[in-house]
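Q: got a predicted structure here, sequence first:
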Amino acid sequence: MLLLPLKPWRIQISAADPFNRRSFPPHFIFGTGSSAYQISAADPFNRRSFPPHFIFGTGSSAYQFEGAPNEDGKGLNIWDTFTQKHPEKIFQGSNGNVALDFYHRYKEDIRLMKLQGLNGFRFSISWSRILPYGKLSKGVNRKGIAFYNNLINELLANGIQPLVSIFHWDLPQALEDEYQGFLSPQIADDFRDYAELCFQEFGDRIKHWITINEPYTYAVFGYALGFDAPGRCSYYNGCAAGDAATEPYIVAHHLLLAHAKTVNLYREQYKAKQKGKIGISLISNWFVPYSTKEEDIDAAQRGLDFMFGWFIDPVTYGDYPASMHKAAKNRLPKFTIEETEMVKNSYDFLGLNYYTSTYAANIPYVDVVNYVTDAHVHQTGKKNEIPIGEPTGLETNFVVPKGLQDLLVYTKKKYKNPIIYVTENGMSDANVTTVQQGVDDLERAEYIRQHLLAIKDALQDGVNVKGYFVWALLDNFEWRWGYTQRYGINYVKMRVMLVQMDLDDALLRFEKMPSSWTEEDKRRKDRKALSQIHLHLSIRFYRMF
């Protein structure tokens, strides 16, 4: 990407200069150009291309944003302890102890959202911030409750709708210590009690609840691969404890039961008076057959079943996909008759997180039995060395907007045309070391535009999409990637990347922009943080709407 010099320059041509248009042939064309990245004022694709109450938002999560891990009575969660005990599992050994300091800076960030034209914000509640020991019986932290009340009220006062995730992977460490968290069926009742506290304290203002964000990621990365907290996997993957053949299935089962009990409680006791809706957010790639062979076509369907169907089949139809029963056999837990009825149809809306697509090829034989190999699917982002889409900062993710449309249409056709919110969608930058590199963000603007076009096409296909939440509001702590992958629509100067003399500038927020900004605007952006700069309307991502 071309970066403009920091000092202005001009071409000087005097009035007497003989070098002018007459120096060229009569029909010589003098012009300029543009690219698909640039959107003109007359572009018919804008906010009016979407239904009247469509939500344009962005997102966050507690551990990735808040910081303040020991402040105001908060208890530890498994990410607090995992990053302290296993810094080697996180890029640069970083953690979320400070993160973006959202706990103290949320008002500044809400002002930024408002200026950027956002009308929705998705955040998660830290379980251990309001229940330090995970259980109602062990005490409620009123200061934690006050923080979320203040956050919600500030959002509403600025015309921004909150969409709240009850659980985004930060399980209280006390419950992990007591009964191994989601490996135990005990978790479902404690989760329901925690959720009820949220309904009681915040439900008068929250109209969209998400029980669990990405149960797939929590089960697979925490219990099959060992990358994420609590860091369990089979011994051959280097974990001290765990079993990748059974534990991911057990954890997923208990996540689903916790979800269903919570939805049942909300519908029976809170929905009528609070007039809200409750759902779940699921992540999935779109799987493209590697070839036209039947075995690869079947592999693509199994890929979807093991990533998406694992959760959406039970919450829609009450059981796991047939392909999972066939592959995992007795390692896949069974729902009782009562549980089936409780889990079935247990959402008012579906949150869908989409980042990329992948090719799927059949693997006829595997010599190791675990969740990852059970699907007999080889996933790859390239075919004949040609990537499935434009690369991003994360080597496994590619830009494939058509995959989002295909996933939305597939969900409509197979799962009763549910109400859908795209609750995460975004791309990462890597190797960004300066503010100027960070704010020159033409690719992200185009990524967002292309995926919004895909949603527009899905709407025309009859998919019931109600909103789009780009990930993320700010560059943040991206789990095992630490601060090395930047997904934010706003750049943050990360403490972990600064030398001691620059720490006064740590965590300043800078709005990212297309590189077509004037040089004067770019210099101003380099000099001053959010509270000091004039934000020009024409460059905001959502101002195309």
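A: Perfect, I can see it now. Residues are numbered from 1 along each chain as shown.
Q: what is the end-to-end distance of stretch 122-134?
A: Using C-alpha to C-alpha, to the nearest Å, one end of stretch 122-134 lies 23 Å from the other.
Q: now stretch 386-400
A: Start-to-end, stretch 386-400 (C-alpha to C-alpha) is 13 Å.
Q: for that stretch, what is the distance to the chain centroid?
A: 17 Å (C-alpha atoms, centre = their mean, to the nearest Å).
Q: same question, stretch 161-174
A: On C-alpha atoms, centre = their mean, the centre of stretch 161-174 falls 13 Å from that of its chain.
Q: what's the span of it, first residue to last?
A: 32 Å.
Q: G351: neighbouring residues, count only.
A: Here the count is done by other C-beta atoms under 10 Å, and G351 has 26 residues near it. Where C-beta positions appear, they are placed from N, C-alpha and C, glycine not excepted.
Q: did I read that right, L282 in a helix?
A: No. Counting by DSSP: H, G, I helix; E, B strand; the rest coil, one finds L282 to be strand, located in no helix.
Q: tell me the spacing between the closest residue to it other than its chain neighbours and S284.
A: With C-beta to C-beta, 6 or more residues apart in numbering as the criterion, L282 has its nearest non-adjacent residue at 5.2 Å, and that residue is F311. Computed as C-beta to C-beta, to the nearest Å, the F311 to S284 distance reads 9 Å.
Q: list the residues that contact both of the two?
A: Y216 (C-beta atoms under 8 Å, 6 or more residues apart in numbering).
Q: what's near enough to touch the residue most central in space within the chain?
A: For the chain, E424 is the residue whose C-alpha lies nearest the centre (C-alpha atoms, centre = their mean; 3.9 Å). Listed by C-beta under 8 Å, 6+ apart, the contact set of E424 reads 59, 281, 283, 351, 353-355, 469, 471.
Q: want to throw these into TSV with pLDDT?
A: Converted to TSV, those look like this (pLDDT from 0 to 100):
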residue	pLDDT
G59	98
S281	99
I283	99
G351	99
N353	99
Y354	99
Y355	99
F469	98
W471	98
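Q: any chance of TSV for these, columns distance to S124?
A: Formatted as TSV, the contacts of E424 follow (distance: C-beta to C-beta, whole Å):
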residue	distance to S124
G59	9
S281	10
I283	15
G351	12
N353	13
Y354	19
Y355	18
F469	12
W471	13
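Q: for these, which one is nearest I297?
A: Distances from I297 to the contacts of E424, taken as C-beta to C-beta, are shortest for Y354 (21.1 Å).
Q: now the closest one. Nearest residue, chain neighbours left out?
A: Excluding its sequence neighbours, the residue lying closest to Y354 (C-beta to C-beta, 6+ apart) is L404, at 4.8 Å.
Q: I figured the one you found hits T411, correct?
A: No. L404 is not in contact with T411 according to C-beta atoms under 8 Å; the separation is 10.7 Å.
Q: between the two, which one's more packed in?
A: Taking neighbours as other C-beta under 10 Å, L404 and T411 compare with L404 leading, 27 against 24.
Q: tell me which element that one is part of?
A: helix 401-414 (DSSP states H and E).
Q: beyond that helix, next helix or strand please.
A: Following helix 401-414 toward the C-terminus (DSSP H and E): strand 419-424.
Q: buried residues in that following strand?
A: 420-424 (16 or more other C-beta atoms under 10 Å).
Q: stretch 259-277 too?
A: Result for stretch 259-277 [16+ other C-beta under 10 Å]: buried residues 259-266, 270-271, 274, 276-277.
Q: of those, closest to I386?
A: Nearest to I386 among the buried residues of stretch 259-277 is H259, at 39.4 Å by C-beta to C-beta.
Q: residues contacting the nearest residue to that closest one once chain neighbours are set aside?
A: Of all residues not flanking H259 in the chain, T211 sits nearest, at 4.4 Å (C-beta to C-beta, 6+ apart). T211 is in contact with 165-167, 195, 258-259, 262-263, 278-280, counting by C-beta under 8 Å, 6+ apart.
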